[in-house]
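Trainee: Quick one: sequence and predicted model below, then my questions.
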Amino acid sequence: MGEAESQRLAHLKPNLERRALVYSHTRVFFQESGFFEVDTPLRMPEIAPEQYIIPIESEGWFLCTSPELHMKRLLASGYEKIFQFSRCFRKGERGRWHNPEFTLLEWYRRDADYRQMVRDAEELVLALVEKLSGSSSLSYQGKGIDLSLPWLEVTVREVFLRSAGWDPIAQPNPARFDDDLVTRVIPSFPDDQPVVLLDYPAVLGSLARVKPENPQIAERAEVFIGGMELANAYSELVDVVEQTRRFRAEIEHIKCDTGREVPLPQKFLRALVDMPPCGGIALGMDRLVMILCDAASIDDVMPFTMDNI
Amino acid sequence: MDIADVKKNQKLLIDSVPYNVVDAEFVKPGKGRAIYRLRLKNLFTNSTIDRTYHSGEKVDTANVTAQGKQYLYKEGDRYVFMSTDTFEQVSIPEEQIGDKKNYLKEGDVITVLMLDDRAIDVTVATFVNLTVVRTEVGSRTATITAQNKSAVMETGAVIDVPVFVQKGDVLKIDTRTGTYVERISAKK
């Protein structure tokens, strides 16, 4: 056991050294762009109610599923550009791309929208690749990926019509959406460049605002590289009435589906009253490191996963 | 069993058919529903299918075990095997055994895959030694390029062999490809 662990960790060392380098370059990137690093709690009495994100409970509170609510409370108090690396915990998520404890890199900008947040992510990833490899492309699992800007953008409506044969904006169907996204849409993406998927159905908007000119569409974007979902961006919803309505609906869904009781995040909703328009994005740090290390599994970029903790 | 607990190489029973889990992948859109994609090999036909499951779904495990049994003989279109401990006999139809019938030697102990108490498949060794029962006499009439000829083995398998092979020789055969590897011993 001891020897097997030493061998495993020796084998992972180059990836973990690269991981450390990715963290320090990322910090420099944000500092140079005028952001400052914050640190919000990992254990909290309230989280955003989300049907498919199952929290791990801790003495009646929850381990952080995302730092979103606390970071938004900072924004509501006048902070303008903030970022953080946050450990997050989501029950039952385990696979080649998942470990129940993982790291989100999350950042927010006041007076920005989801497109601006995606541009930040593009610039960050490109800067990291250039720093680490001296080029704007990389090889991931045998495929060359060109990361030069601009990245390919497609809307949810066009790509679903093309790959799955239906329009999720006109006929929202969340259950079918996830299945088709995984089995039809993502596999249809080109594998030699990143893909930005834009404009989700409003019912899948969660904490994103809807387009002023079309309330069926949420200003939400996701970034995919090598078939892997890397980041999720919103133009943040700052309408407290609408946010409360969505949370209540979500709480009801969760209760009906699973019997799980989730409290309404009151402190966050009170802060939302003062929140200015802003954009936010969460990027899976472990997956970014996977791409930059050409690693097939999240297990190759973490020293200890749930299976060898 | 909960779908979340399914691992590679487990055996599942779906619509009364046993499957081996070739691959189990957990895919979950960040905000979306957890999806389990299984690649399954039908243990009757060896064909492969893909199935998608969602969190909370249940699947049945198949009680599939691998047991050493002696191959006795062929009776009609069924191959008969016997447990060397209990002397109980089981049989598998020829169509289910497929090409592996070419490597079954009476008296050999091999691995039989059982679904509950029913035999469903056999595993043969990668290499087996078989005796030639019939082949043309070492032929000089063959053309220069044709260095091979056919030989019928004790199991009925027909194998391409070099021209020097004779009836009674024992040959090492690769069961994955059905090809001659080497001559183990010449006819005594």
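Mentor: Right, received. Where do you want to start? All values derive from a computational prediction rather than experimental measurement.

Trainee: confidence score at the residue of chain B positioned farthest from its centre?
Mentor: Relative to the centre of chain B, and counting by Cα atoms, centre = their mean, the farthest-placed residue is residue B:31 at 43.5 Å. At residue B:31, the model reports a pLDDT of 89.

Trainee: same question, residue B:139
Mentor: In the predicted model, residue B:139 carries a pLDDT score of 52.

Trainee: ok, back up a step: I'd assumed the residue farthest from the centre of chain B was in a strand, is it?
Mentor: No - the secondary structure assignment for residue B:31 gives coil rather than a strand, going by DSSP: H, G, I helix; E, B strand; the rest coil.

Trainee: I'd say it and residue A:66 touch.
Mentor: No - taking Cβ atoms under 8 Å as the contact criterion, residue B:31 and residue A:66 are not neighbours in contact, 10.2 Å apart. Every C-beta, even on glycine, is put in place using the N, C-alpha and C of the backbone.

Trainee: what touches both of these two?
Mentor: Residues touching both residue B:31 and residue A:66 (Cβ atoms under 8 Å, 6 or more residues apart in numbering or on different chains): residue A:53.

Trainee: As a check, name the ranges of all helices in chain B.
Mentor: Ranges of helices within chain B are B:94-97, based on DSSP state H.

Trainee: Domains in chain B, by residue range?
Mentor: Chain B breaks down into these structural domains: B:3-61, B:64-123, B:127-185 (assignment by automatic domain parsing).

Trainee: End to end on the second one, go ahead and measure it.
Mentor: When you say that, I think you mean domain B:64-123. Taking Cα to Cα, to the nearest Å, domain B:64-123 runs 13 Å from one end to the other.

Trainee: Quick one: name the residues of chain B near chain A.
Mentor: Among all residues of chain B, those adjacent to chain A (criterion: Cβ under 8 Å from any Cβ of the partner chain) are B:4, B:25-35, B:37, B:52, B:55.

Trainee: check which helix or strand covers the spatially closest residue to residue A:106 that is not a sequence neighbour.
Mentor: The shortest distance from residue A:106 to any residue that is not its chain neighbour, by Cβ to Cβ, 6 or more residues apart in numbering or on different chains, is 4.5 Å, and that residue is residue A:282. Per DSSP states H and E, residue A:282 falls inside strand A:278-284.

Trainee: List the neighbouring strands of that strand plus their orientation.
Mentor: Strands flanking strand A:278-284 in the sheet, each with its direction: strand A:101-110 (antiparallel), strand A:228-235 (antiparallel) (DSSP bridges).

Trainee: which one of the ones you listed lies closest to residue A:91?
Mentor: Taking Cβ to Cβ as the criterion, residue A:91 comes closest to strand A:101-110 out of the strands paired with strand A:278-284, the separation being 10.4 Å.

Trainee: Please, where are all the helices along chain A?
Mentor: In chain A, the segments counted as helices under DSSP H are A:2-32, A:68-76, A:114-133, A:156-163, A:174-180, A:240-258, A:266-272, A:285-293.

Trainee: tally of neighbours for residue B:122?
Mentor: 22 (other Cβ atoms under 10 Å in any protein chain shown).

Trainee: And for residue A:112?
Mentor: Neighbour count of residue A:112, defined by other Cβ under 10 Å: 21.

Trainee: Can you list the neighbours in contact with the strand holding residue A:282?
Mentor: Outside strand A:278-284, the residues that touch it by Cβ under 8 Å, 6+ apart are A:66, A:68, A:71-72, A:75, A:102-114, A:116-118, A:120-121, A:124, A:223, A:229-236, A:238, B:30.

Trainee: Mind giving me the PyMOL command for buried ones among the residues you listed?
Mentor: PyMOL command restricting those to the buried ones, with burial defined by 16 or more other Cβ atoms under 10 Å in any protein chain shown:
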select buried, (chain A and resi 66+68+71+72+75+102+103+104+105+106+107+108+109+110+112+113+114+117+118+120+121+124+223+229+230+231+232+233+234+235+236+238) or (chain B and resi 30)
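
Trainee: Out of the helices and strands in the chain, which is least certain?
Mentor: By default, I'm working from chain A. Lowest mean confidence among the helices and strands of chain A (mean pLDDT, DSSP states H and E): helix A:174-180, at a mean of 91.

Trainee: The intended chain is chain B.
Mentor: The weakest-scoring helix or strand in chain B, judged by mean pLDDT, DSSP H and E, is helix B:94-97 (a mean of 86).

Trainee: mind listing what's buried in stretch B:99-116?
Mentor: Of all the residues in stretch B:99-116, those buried under the rule 16+ other Cβ under 10 Å are B:100-104, B:110, B:112-115.

Trainee: which two of the residues you listed lie the greatest distance from each other?
Mentor: Of all pairs drawn from these, the one with the longest distance (Cβ to Cβ) is B:102 and B:115, at 23.5 Å.

Trainee: before we move on, the earlier item: can you redo the strands paired with strand A:278-284 as JSON lines with mean pLDDT?
Mentor: Below are these laid out as JSON lines (pLDDT from 0 to 100):
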{"stretch": "strand A:101-110", "mean pLDDT": "98"}
{"stretch": "strand A:228-235", "mean pLDDT": "97"}
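
Trainee: Looking at these, spot the one closest to residue A:251.
Mentor: In this view, the strands paired with strand A:278-284 are compared for proximity to residue A:251 by Cβ to Cβ, and strand A:228-235 is the closest at 19.8 Å.

Trainee: picking that back up, which one of the domains of chain B lies closest to residue A:142?
Mentor: In this view, the domains of chain B are compared for proximity to residue A:142 by Cβ to Cβ, and domain B:3-61 is the closest at 18.1 Å.

Trainee: residues from chain A in reach of chain B?
Mentor: For chain A, the contact set with chain B under Cβ under 8 Å from any Cβ comprises A:50, A:52-53, A:92-98, A:174-175, A:177-179, A:181-183, A:204, A:206, A:222, A:229, A:232, A:282, A:284.

Trainee: Tell me how many other residues crowd residue 10.
Mentor: Here I'm looking at chain A. Under the criterion other Cβ under 10 Å, the count of neighbours that residue A:10 has is 9.

Trainee: Chain B, not that one
Mentor: Based on other Cβ under 10 Å, the number of other residues close to residue B:10 is 17.

Trainee: Which residue does chain B have closest to chain A?
Mentor: Using Cβ to the nearest Cβ, the closest approach of chain B to chain A is made by residue B:26 at 2.9 Å.
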